[in-house]
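Participant: Output the structure for:
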Amino acid sequence: TAGEVELARHAAPDAFTLVLTDWGPAFDPLREPELEPELTANMEADLDHRAPGGMGLFLIRTMSQASYRRVGESNQLTLRFPLPVQL
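Facilitator: Numbering: from 1, shown residues only. Coordinates of the predicted model:
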C-alpha cells in the first residue's frame, strides 16, 4: 500500500543484492539525470554550498549495478553490489 516500502536482500558468493519495492507513483531513479536537473547533485559545490538532494541518486548510479522496473502498481529497484574476489 502507499507509504510502505519492502526490502529484500540476497547474498551470493559474488554479490550482495538489495531489492526495494514501494507502491508510490512510478519513478525511475536510473533515467537520464539531464531529464530532471533538480534531482542531480551539484558535484562542483563544496558541502557548505551544496543544495540538498541528489546524492542518493548519485550513489545508486555510481556504487551499484542498478535496475528499475514497474511491476503492476509498484516500483522495484534492484541494487547489486559485487563483492571483491577472494583468493
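Participant: centre of the chain versus the least confident helix or strand in the chain by mean pLDDT, how much separation?
Facilitator: Ranked by mean pLDDT, DSSP states H and E, the weakest helix or strand in the chain is helix 55-63, scoring a mean of 80. From the chain centre to the centre of helix 55-63 is a distance of 6 Å (Cα atoms, centre = their mean, to the nearest Å).
Participant: Sheet partners, orientation included, of the very next helix or strand once past it?
Facilitator: Next helix or strand after helix 55-63 toward the C-terminus (DSSP states H and E): strand 65-71. Here strand 65-71 has these sheet partners by DSSP bridges: strand 74-82 (antiparallel).
Participant: contacts for the partner strand?
Facilitator: Applying Cβ atoms under 8 Å, 6 or more residues apart in numbering, the external contacts of strand 74-82 come out as 14-24, 26-29, 60, 63-70. Backbone N, C-alpha and C define where each C-beta goes, glycine included.
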